[in-house]
Structures are given as C-alpha cells and as structure tokens.
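Q: Please work out how this folds:
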Amino acid sequence: SLKHPQTRLRRPFLPDPRSGITVTKGRYITSNDPRGYIPVYEYSLRGQWVMMDMDDGYILWTGIWKALGHSKADIVKFLESEPEVAPLIRRIRGGYLKIQGTWMPFEVRATLGHLRLVFIRVAWDIRYELVPFFGYGASL
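A: Just a heads-up that it's a prediction; the model follows:
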C-alpha cells in the first residue's frame with residue numbers, strides 16, 4: 001500500500017537511459033514545497049513538460065495528461081475520484097508555470113490496479129515516450 005508522502009522514505013531516482021530520450025535536470029524555486037524548490041528530471045513530450053522530483057519520485061501527471069490532449073481540469077477530476085489517491089496528490093499552484101499542476105508518487109502506477117489500467121488505455125500511444133520515468137515492460 002502507498003504511504004502518505006511525509007512518511008515515505010526518500011529514494012534517489014535515475015531515468016532509464018535506454019529510451020534514447022534526453023532527460024535533463026532542473027531546479028525550480030517554489031513556496032509550495034518545504035524544501036523551497038523542486039529538483040527534477042525533465043523532458044518535453046508533445047510540447048508539454050514531463051517531470052519527476054529527483055528526491056521522492058513524484059511525477060507531474062499534468063504534463064503527461066496534457067501531452068495526451070486532455071485539459072488540466074480533467075486530470076484533477078480523474079485523480080480526485082480515486083479515494084486511495086486523493087490524499088497523496090500534491091498540487092503546485094503559483095510560481096514557475098512549468099512545475100504547476102498535479103503531482104503523484106511514482107508508485108501509484110504499480111499499486112492501484114484499476115487506475116493503472118485506465119491510464120494504460122489512455123496513454124497507450126505515448127507509452128514508449130514515458131520509458132525514461134516508468135521503464136520498459138512496466139512502463140505504466
């Protein structure tokens with residue numbers, strides 16, 4: 001089961017280099033995080049930024065969702081309808097536009113079977129473009 005973000009162990013994350021997609025590092029200052037900034041791995045996907053917090057593995061799901069052609073409001077409704085996910089959601093509003101949106105733990109993709117199946121169906125056409133963060137085989 002997933003733990004609340006404050007009780008999770010921090011683990012370093014390294015992108016999967018086999019995808020051939022160039023992933024860069026960034027560091028964005030924000031007052032929405034106790035660290036005062038968010039250190040990320042990032043890359044552009046269909047004109048949207050896909051990011052992962054280097055410290056705790058949170059992923060900016062808004063970027064993935066928008067790369068699929070959906071609106072920001074749709075991802076919030078979709079995720080908030082999942083009772084196990086709602087308490088794990090981290091929202092960044094204000095500050096640097098690039099990091100604004102809905103962030104969730106990397107582990108959500110493996111733990112919540114039904115959410116995973118829905119996302120696989122929706123994101124099937126970009127599954128290989130998500131390999132840097134999700135890997136091959138279990139890409140979502």
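
Q: Give me the buried stretch members for stretch 130-137, please.
A: Residues of stretch 130-137 classed as buried by neighbour count (16 or more other CB atoms under 10 Å): 130-134. Backbone N, C-alpha and C define where each C-beta goes, glycine included.

Q: what's the offset of that stretch from the middle of its chain?
A: 12 Å (CA atoms, centre = their mean, to the nearest Å).

Q: what do you get for stretch 125-140?
A: 12 Å.

Q: and what of stretch 122-136?
A: Counting by CA atoms, centre = their mean, stretch 122-136 comes out at 12 Å from the chain centroid.

Q: From the buried residues of stretch 130-137, pick the one nearest residue 74.
A: Of all those, residue 74 sits closest to residue 130, with 18.0 Å by CB to CB.

Q: Double-check that that closest one belongs to a helix.
A: Yes. The assignment for residue 130 by DSSP: H, G, I helix; E, B strand; the rest coil puts it in a helix.

Q: That one against residue 124, yeah?
A: No. If you go by CB atoms under 8 Å, residue 130 and residue 124 don't touch, sitting 10.4 Å apart.
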